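>>> let's see this in three dimensions:
(chains A, B and C)
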Amino acid sequence: MFRYILKILRYTALKSKNSSQDHTSNNGYNEPIPSDLKKSREIIENILHNSSDVSVHEFYFGNNRECKGALLFINSMVDKEEIHKNILQPLMYGTLMFGNDKNLDLSDIDTIKTHYISITDCLKITSLGDLIDKLLAGTVILLVDGSKEALVINTGKRESRNIEEPGTEAVVRGPREGFNENINVSISLIRRKIKSPDLCVEKLKLGEKSKTDVCIVYLKSIANPELIKEIKARLNRIKIDAILESGYIEQFIEDAPYSIFPTVSNSEKPDKIVAKLLDGRAAILVDGTPFVLVVPMVFIETFQSVEDYYSRPYLASIMRIIRFLSYIISTLGPALYVALTVFHQELIPTSLLISIAEGRERVPFPAILEAWLMIFTFDILREAGIRLPKAVGQTIGIVGALVLGQASVEAGLISPIMVIVVSATAIASFAVPAQTDSGTILRYIFLALAGIAGGFGVIMGLLVTLIHLTSLRSFGTPYLWPIAPLNLSALKDVFIRMPLWNMTKHLSAIIWKDADYYRQAPDLKPSPYKNDNSDSKQKE
Amino acid sequence: MNVEKGKICSMQLFFLFAGFVQGSVLLVDFAIGISESQTWMVILIGLGLAIPFVLSYVALAKRFPGMNVVQINDAVYGRFLGKTLSLYYIFFFLMTLSFNIRDVGELYITFLMPDTSFIFLLVAFSATCAYAVSKGLEVLARISHLIALIGIFVPICTTILLIDQMDFSNFLPLFELPFARMLHGIHIMMAIPFCETLVFLMIMASLDKAEKAKKSILSGLLVGTVSLFIVAVRNTAVLGNTQTIWTSPSFQSTRLIDIGTVLTRMDFLIGIAQTFLIFFKCCLFLYASVTAIAQIFNLKTYIPLVLPVAGIEVILAATVFQSKVDHAEISQNAGIIYSAPLMFLIPPLTLLIAKLRNLPNKGGKNDS
Amino acid sequence: MRKNAAHLVIILLTIFLFSGCLGGREINDLEIVIGMGVDKGQDTQDIIITAQVVKEAEVGRTSDESGGGKAYWNVTGNGKSVFDAIRKVTHKTGNRLFVSHSQVVIFGNDLASEGLQEYIDFFLRAHEMRPTALILIAEDQAADIMDAKPETEKFPAINIVKLVKSYRFTSHFYKVNMKDFVSSLMCETTAPTAPIVKVMEEEGQKNIHIYDMAVFKNDKMVGKLVHEETRGLLWVLGKVESGILLVPYPEDQGLLSLEILKAESKVTPKIENGKIVMHIKIKQESSLAEQSSALNLTTMSVFEKIEKAQSEVIRKEIMTAFEKSKELNADIFGFGRMLHKKYKNEWEKLKDRWDEVYPTIELDIEIEAKIQKTDLLVKPAAPGQKEE
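The predicted structure is shown next:
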């Protein structure tokens, strides 16, 4: 208790120190740009500590080369070709050649912008702070001697990956494009799918050092304004030096930081994100990562794949049930095996019990330890396999399967049934990618419970998990919705997927209550072509 | 001031009721020892007789919307007498809760895990209940339909699997039972599954629409009764004249399931369902106890009370009876006497006094 | 936060420490019992339990070395009570017997004639036992039965279960499990029955044979029902599933084998003028499965005659069963229970003198027998077809 109070005190002390620091540094930043080029260059180079990758290119232009200008940019971040062609050439040669434009004031930034710079992405700024920000963001700054303004010119060059198929979410049917690290590309991918003025993109910068661009994207008419307000509030709370991945943001805005279940979902597929936006959710895009966060998240979301909606409903429904079953198998498999073989042997059919007993004849470990070992080994194999290059990864698989699986059975260390159980568990755990984390943790917990108290332990564990899941909320939406609280009409899209024409309105827990929004017209059920004309002809 | 902030809707109330009534499914096994093949009849008569009392609880809750029974007692009987009565309620909640916790322990010790330590079962079970209660009424309400559906799904499932072993002539002859035993059975049946819904006097205060409560409560009662009824019918039809000798006819009848020598020992299904149901019932009782205590002492929140009360309950449950026989004797005879006035006398009386004093229109609001 | 972490550590520690400490038993430590025999010691009057325990190590081994390596171990123990004897078995096995998978319990003849009630209690009360375990009576000693190694099965006990379940091919005996037996036992009037199993020596090979049905009066074995009598009983109870009816037709010239396809029965007790009459209505369908005569029987008129003859055979089976039960004065049909259900008030008077009343009961049997099909042949394969 005492320690806790101390901690709070220390934190507040730190906070006040930090804020005063911010203040001092801001002092220099908010100053206006001096009109003297030499002076401003000095100040800027000072702020940037004469960093070697900052280039300052001074040049003269104008009818009689009477004006002095300077281009500031970071070497590695700009497109020099474009600087030559669209900034320097028009300014230096243009002003020289069209010398008769006497009435133009070349020390005025606006004039330069409107008359000479042939680039669209230009912005006029007046403060030194902005100048530094823009410079570090990779733009070209044009300073003109005698002007208190500067022109920010975006040369648009930025190294980025091509749009590729995301590695984490492969699909059989569906678009293969994925977001990439460039936030503008990511936004454009979303924009391309929703060409409506409804789509709102709100930008903010997070991270005192990284100044990462973060965008909140939502559909104005569908998303609950309360939700957007809440997201902004939570994002603005974040005071951190750098945001390197959206996972940073996720951990600062999630509802239940201690829970093993994620309450913020992520994806790198634009179609998936857009589908979620259309449900009234909001996406959070972070520059520098292809993973886009979506809130609010509900538990069943992880069992719904976008492909479910692209393929016909029958197989999609079966697959969804299989996914639920796999999740159950992957969390409970080893636990049930241990509970049955250690505590409730009477529940195993006689012939199966005899063959299990036969397989365990030479096994020196208790079943619980056997299970621990196997699961542990599996997790090691998985972790090793992910990090390695593909070719080596396969070797790991072979070594794992052959050496550890077969040899340990033959040596009598592990019973064959245990190997089957763990393999089934392992395979099942990959059927629901988004819950693999929670599934893995739950598997350990349930295994421990089963080892302690058999079926009773597992049942109590299930109850606690159920209560926990029910009590979770993600940005106000109950996590287990629509199972608990029950929403019958939304169950159309949980364990089975009804045909699209049947789901006229759904996700009422997330969608804005006041939104007058139907996804589709109510009577879209297709029917065979009815030839009314032929009917009438026959009558005639 | 009310200690609970969450609200429950009428559909959740329905499932809460259905789940709660099914939580007494162990009692069907118990009642078969008393009323033999007439248990199904006893259940129906019990329901019929209990409905007026349950309605009186609803009427009480409706008359004082948003007030729980402790507040109602204060309003109707004044501070001193009201508090005394509330203590009686709390005593009832705590005792019933300890009986139910003990039931779970005995269920596991007898049928599923005879080598496990009794006290461990009680502690683990109560801890789970405490966790659920500390998450609030809303969470309980939200899982209520899952519990109620499991409760009704398992009897139906086992009944279907046992259908070829049923002999419906086992119900004959009708009315063979001596009248006194029938009455005994009816009394137990009325008191335990149906009139124990007294706890809802603590819960109905959190209803968002008190006026719709009647409909959902009656249908909840009905669904719960149907489940109990199926259990009683299944047991009698399958076990016939042997039904009275088993500790738990439900377990014994489902043990008879043998489909292709693989689908055997389905009694674990009964075990799971009963654990879930009694868990739910215990949660509601624990919730009622802690909120009532918090209300009496005018606490802001009941959360700090949950663990201590659960701990006391474990001790009570472990020590209150010496053995299963003791448990059976006491709950058959004394157990239902101490609760009788609370179930059958006080709520209607409170309603009457409230009507006579024209409460809560006059002073009710000032008191609360 | 630090406090939470500390809690977590404590919880995890306890989880690891307690793992497997609460009454779990490893499969390796189990002595899986698949069948039990109960006998009475010849001299000591002790109860001898023979438990058939699975030898896991031998199960998977193919018996290359013929004769060697039985997959089971018949371990015995004796004591003053059944449970006492079972626990004394641990002196030999080192582990507690795990009787949950015991599918069959065989009682020795001595116990059966002495009265089973006191010995059956354990098998009902023990939480590990299944009420579906089959109950059988040994012709002589139960221990001998457990020892006869079957040809196709690995375990004698499983083999016995298989044999008992084959009742549905002949209906010559019937499967009786613990619950059925107790149900009859608890009824004051109904006589419990159980199949009898015995070892037959055939060409030096011990074979197990399910033989007759033992009839109990209260809990003591008083007699046996032979095959036809058992089927007579099953006709009334409506439990005939299949079987071959041998119908002499045409009279003294040939034999027809009719396979029973379906049988239903309905018994309505009636008390008429103080006389108890049981109306038994049986509906039966069969197929013509074999004929020894060369006559063409497939005409409607002949079928009617066959059906009549068939009904007679069934009636005879029922009557022999009934006569036997009268002789033993054991209500194997459960007529007493049926009367109780229908005539509640009269039953009060009948109950106490049921033993006297039972032999006076009359049967009124109505049989509706039908031949449904003649399988693959329409006419017998014989030269010179003759019409009947």
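>>> can you tell me the closest non-neighbouring residue to B:Leu140?
Residue nearest to B:Leu140 in three dimensions, not counting chain neighbours: B:Cys283, with 5.6 Å by C-beta to C-beta, 6 or more residues apart in numbering or on different chains. Glycine gets a C-beta too; all of them are placed from N, C-alpha and C.
>>> helix or strand right after the strand or helix carrying that neighbour?
Under the criterion DSSP states H and E, the helix or strand holding B:Cys283 is helix B:267-296. Per DSSP H and E, helix B:267-296 leads on to helix B:303-319 as the next helix or strand towards the C-terminus.
>>> for A:Arg161, helix, strand, or coil?
Of the three states, A:Arg161 takes coil under DSSP: H, G, I helix; E, B strand; the rest coil.
>>> ditto for A:Lys203
strand.
>>> state the distance from it to A:Thr126.
21 Å (C-beta to C-beta, to the nearest Å).
>>> mind listing the strands for chain A?
Applying DSSP state E to chain A gives strands spanning A:54-61, A:67-74, A:122-125, A:140-144, A:150-153, A:199-206, A:212-219, A:265-267, A:282-286, A:292-295, A:473-474, A:477-478.
>>> what does chain A have sitting close to chain C?
Selection of chain A residues close to chain C by C-beta under 8 Å from any C-beta of the partner chain yields A:3, A:258, A:341-343, A:345-346, A:350, A:353-358, A:360-361, A:363, A:366-369, A:448-449, A:451-454.
>>> from these, list the buried ones, please.
A:341-343, A:345-346, A:350, A:353-358, A:360-361, A:363, A:366-368, A:448-449, A:451-454 (16 or more other C-beta atoms under 10 Å in any protein chain shown).
>>> keep only those that also lie close to chain B.
Within those, those near chain B by C-beta under 8 Å from any C-beta are A:343, A:346, A:350, A:453-454.
>>> nearest to chain C: which residue in the stretch 51-200 of chain B?
Closest contact between the stretch 51-200 of chain B and chain C, by C-beta to the nearest C-beta, is at B:Asp115 (2.8 Å).
>>> what's the pLDDT at that residue?
pLDDT, B:Asp115: 82.
>>> low-confidence ranges, the stretch 201-350 of chain B, go.
With pLDDT under 70 as the threshold, the stretch 201-350 of chain B has low-confidence stretches at B:335.
>>> how about the residues of it by chain A?
Counting by C-beta under 8 Å from any C-beta, the stretch 201-350 of chain B sits next to chain A at B:261-262, B:264-265, B:268, B:271-272, B:275-276, B:279.
>>> turn the residues you listed into CSV, columns for neighbour count.
CSV is the format used below for these (neighbours: other C-beta atoms under 10 Å in any protein chain shown):
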residue, neighbour count
B:Thr261, 14
B:Val262, 11
B:Thr264, 22
B:Arg265, 19
B:Phe268, 18
B:Gly271, 24
B:Ile272, 17
B:Thr275, 23
B:Phe276, 24
B:Phe279, 25
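>>> in helices only, show me the residues of chain A next to chain C.
A:3, A:350, A:353-358, A:367-369, A:448-449, A:451-454 (DSSP state H).
>>> where does the closest residue to the residue of the stretch 51-200 of chain B closest to chain C other than its chain neighbours land in three-state SS?
Excluding the flanking residues, the one nearest B:Asp115 by C-beta to C-beta, 6+ apart is C:Gly23, at 2.8 Å. When classified by three-state DSSP, C:Gly23 comes out as coil.
>>> verify the contact between C:Ser325 and C:Gly334 for me.
No. If you go by C-beta atoms under 8 Å, C:Ser325 and C:Gly334 don't touch, sitting 10.6 Å apart.
>>> so these two - more neighbours on which side?
C:Ser325 (24 against 19; other C-beta atoms under 10 Å in any protein chain shown).
>>> the more buried one and A:Glu245: what is the separation?
With C-beta to C-beta as the criterion, C:Ser325 and A:Glu245 are 85 Å apart.
>>> cool, A:Ala428 as well?
28 Å.
>>> which of those two has more residues huddled nearby?
Comparing A:Ala428 with A:Glu245 by neighbour count (other C-beta under 10 Å), the higher total belongs to A:Ala428, at 21 against 14.
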